[in-house]
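Colleague: coords please:
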Amino acid sequence: MAYKDIYAAWKSDPEAFWMNAAQAIDWDTPPTKALFDDNAPLYEWYKDGMVNTCWNAVDRHVENGRGEQTAIIYDSPVTHTKRTISYVELRNRVASLAGALRAKGIEKGDRVIIYMPMIPEALEAMLACARLGAVHSVVFGGFASNELAVRIDDAKPKAIIAASCGIEPGRVVHYKPLLDGAIDMATHKPDFTVIFQREQEVAHLEEGRDYNWHGFQYGVEPAECVPVEGDHPAYILYTSGTTGQPKGVVRPTGGHLVALNWTMKNLYNVDPGDVFWAASDVGWVVGHSYICYAPLIHGNTTIVFEGKPVGTPDAGTFWRVISEHKVSSFFTAPTAFRAVKREDPKGEFVKKYDLSNLKQVYLAGERADPDTIVWAQDQLGVPVIDHWWQTETGWAIAGNPLGIESLPVKLGSPSVPMPGYDVQILDEGGHPMKAGELGAIAVKLPLPPGTLPTLWNAEARFKKSYLEHFPGYYETGDAGMIDEDGYLYIMARTDDVINVAGHRLSTGGMEEVLASHPDVAECAVIGVTDDLKGQLPVGFLCLNAGCDRDNADVVKEVVKLVRDKIGPVAAFKLAVVVDRLPKTRSGKILRGTMVSIADGKTYKLPATIDDPAILDEIKVALQSIGYAQ
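Modeller: Numbers count the residues shown, from 1 in each chain. Model (predicted):
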């Protein structure tokens, strides 16, 4: 069947579509139906089924004779370590950890915070919680104490599982003092913590509260899988809200299993046994969905990579990992490719490795500019697929479903909506707009299985954040358009659509033009306040490594480019060259913070910022053109 047939089949009978997809999962008690809408607009999926995530991700593969297959490849250029873990070994390790947690009183519904770097033990901790029906909340390793404390007070964990440290290029990040500080600050106190001691740093353990990962498990009975209801929370993942208060996205167990399993073949085009690599971190939703859960549920081999796209040791590290471990499908963020392209614009490193196993590459996390996609296609010679989703949805809203059919790629578009998502473009009044018109992107309710049913302990906030603005729809917070072929274009966050003298313009569209300049490695455009026109666009440019041209010449050329491609209406006259852009650790550019600096407003330092010192550099750059005074 072609994509349009499958999408039409879902649309005409969503219930049959999702009940059929649910048959690929092992249920202790199969659900009698897929959608429960008696509490609309709070919808639930597979609510009366009983199921266990860890069984589906680990044990069933062992039971089905695949125990010797590699489940996890750990590749850590920062510690010069590589190892593999088979499915049977993973089952034994997870059952042992779960047994030790159970012996200390962790049971179904209890919360456990996980604060770990990119090591296999992070996945084992997640799966051990799932085995018991405990609800895990992974907090990005190295997060500041006060931010971790906020999450401790919100989730109220009975236990915290952490590592002694994380390793960044050139430095050790001391996790344990950050954890101790967070527990001191938090009103809620965990009963106990489990610390995985790394060779690079052995942390001090608090008598009576802290347990060593290995000693903790000694002589304990392994735990069996505990079945939970289909709507039981698998995990809570905090995403930073606009108010600075984190929002705890809840992931329901049954829908999570069904949707993620469906995507592995249909979207990512892999078969059980293939090696799948998402170069992300378990602190992010990509790490939950596509490092830990989906590949294992589907019977793939997943890669846990502890390193960076450049500098560990060079811009060829992605290609080495793909070549060495025979990666079939690779998933990363556009910002990672931009970093590689900046260091190695001609792709000299690509030529050093055998990438013959690589079938396709996926980009997500932010808009993939056409220039980056074209560069990657040229270098790798495989389809490079932009797709779009959110922490809240847990899997792709729109993409190019290569496992169904390879649709024509349109640069700048993440292609078409996936089954389950009825995507519409709405005006301010909530009315559908015509093809090609820029508006708010919304999804008609109900959202499909695996998406968030609510926020943790914050139902009113969930409704206010996502459901109230456009009744009957989920508001994505993104702006864009749909063309006459049904392809979706994500142009900007709704906040990033700027109003220049009455014209609504997308900063993303301008960024696309700037990125097409041969000397520009990366860029961002923000709208700054202007007395005359309301807002004016300002561009920030990072140039390719080795570019020795005069900055003023490059600025002049990009201003002309925007004028030629978008027109004088954009009023694009200001751009500055900077060494780097302020980003979150997942690679999202902090445009909102840059706007606050430009307009001289106070702002809260984003919890997820990669390096706060960059903001001072941005301020100096803005002052050079008359802003941020």
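Colleague: Below-threshold pLDDT in the stretch 401-550 of the chain: ranges please.
Modeller: Where the stretch 401-550 of the chain drops to pLDDT under 70, the residues are 494-495, 502, 504.
Colleague: how does it look with 90?
Modeller: Within the stretch 401-550 of the chain, the set of residues satisfying pLDDT under 90 comprises 412, 428, 491-509, 512, 529-535.
Colleague: Let me see the ranges of the strands in it.
Modeller: Assigned strands in the stretch 401-550 of the chain, in chain order: 416-417, 423-426, 439-444, 473-482, 488-493, 497-500, 503-506, 520-530, 534-543 (criterion: DSSP state E, counting those that start in this stretch).
Colleague: The stretch 251-400 of the chain too?
Modeller: Applying DSSP E, counting those that start in this stretch to the stretch 251-400 of the chain gives strands spanning 275-278, 301-305, 327-332, 360-363, 384-386, 398-399.
Colleague: any idea of the mean pLDDT for the longest one?
Modeller: Right, the one you point to is strand 327-332. When pLDDT is averaged over strand 327-332, the result is 98.
Colleague: circling back: let's have the strands of the stretch 251-400 of the chain in JSON lines, adding mean neighbour count.
Modeller: All C-beta atoms are positioned from the backbone trio N, CA, C, and that covers glycine. Formatted as JSON lines, the strands of the stretch 251-400 of the chain follow (neighbours: other Cβ atoms under 10 Å):
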{"stretch": "strand 275-278", "mean neighbour count": "24"}
{"stretch": "strand 301-305", "mean neighbour count": "24"}
{"stretch": "strand 327-332", "mean neighbour count": "24"}
{"stretch": "strand 360-363", "mean neighbour count": "23"}
{"stretch": "strand 384-386", "mean neighbour count": "26"}
{"stretch": "strand 398-399", "mean neighbour count": "25"}
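Colleague: Save the strands of the stretch 401-550 of the chain as JSON lines, and put in distance to Glu147 and mean neighbour count too.
Modeller: As requested, the strands of the stretch 401-550 of the chain are exported to JSON lines (distance: least, Cβ to Cβ, whole Å; neighbours: other Cβ atoms under 10 Å):
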{"stretch": "strand 416-417", "distance to Glu147": "34", "mean neighbour count": "22"}
{"stretch": "strand 423-426", "distance to Glu147": "33", "mean neighbour count": "20"}
{"stretch": "strand 439-444", "distance to Glu147": "29", "mean neighbour count": "22"}
{"stretch": "strand 473-482", "distance to Glu147": "21", "mean neighbour count": "22"}
{"stretch": "strand 488-493", "distance to Glu147": "22", "mean neighbour count": "22"}
{"stretch": "strand 497-500", "distance to Glu147": "29", "mean neighbour count": "19"}
{"stretch": "strand 503-506", "distance to Glu147": "31", "mean neighbour count": "19"}
{"stretch": "strand 520-530", "distance to Glu147": "24", "mean neighbour count": "23"}
{"stretch": "strand 534-543", "distance to Glu147": "26", "mean neighbour count": "22"}
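Colleague: For Phe349, find the nearest of those strands.
Modeller: Closest of these to Phe349 is strand 520-530, at 15.5 Å (criterion: Cβ to Cβ).
Colleague: who touches that closest one?
Modeller: Contact with strand 520-530 is made by 335, 338-339, 341-342, 345, 496, 498-500, 507-508, 510-511, 514-515, 535-545, 554, 558, 581, 589, 591, 594-595, 598-599, 627, as judged by Cβ atoms under 8 Å, 6 or more residues apart in numbering.
Colleague: Would you reformat the strands of the stretch 401-550 of the chain as JSON lines and include distance to Ile397?
Modeller: Below are these laid out as JSON lines (distance: least, Cβ to Cβ, whole Å):
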{"stretch": "strand 416-417", "distance to Ile397": "7"}
{"stretch": "strand 423-426", "distance to Ile397": "7"}
{"stretch": "strand 439-444", "distance to Ile397": "7"}
{"stretch": "strand 473-482", "distance to Ile397": "7"}
{"stretch": "strand 488-493", "distance to Ile397": "8"}
{"stretch": "strand 497-500", "distance to Ile397": "19"}
{"stretch": "strand 503-506", "distance to Ile397": "18"}
{"stretch": "strand 520-530", "distance to Ile397": "23"}
{"stretch": "strand 534-543", "distance to Ile397": "27"}
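Colleague: And these: which comes nearest Pro41?
Modeller: Evaluated with Cβ to Cβ, the strands of the stretch 401-550 of the chain place strand 473-482 nearest to Pro41, the distance being 8.9 Å.
Colleague: other SSEs contacting the closest one?
Modeller: strand 423-426, strand 439-444, strand 488-493 (3 or more Cβ pairs under 8 Å, 6 or more residues apart in numbering; DSSP states H and E).
Colleague: Let me have these in a markdown table, extended by distance to Leu132.
Modeller: A markdown table is the format used below for these (distance: least, Cβ to Cβ, whole Å):
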| stretch | distance to Leu132 |
| --- | --- |
| strand 423-426 | 37 |
| strand 439-444 | 33 |
| strand 488-493 | 38 |
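Colleague: Among those strands, which comes closest to Glu468?
Modeller: Comparison of the helices and strands packed on strand 473-482 against Glu468 by Cβ to Cβ identifies strand 439-444 as nearest, at 11.9 Å.
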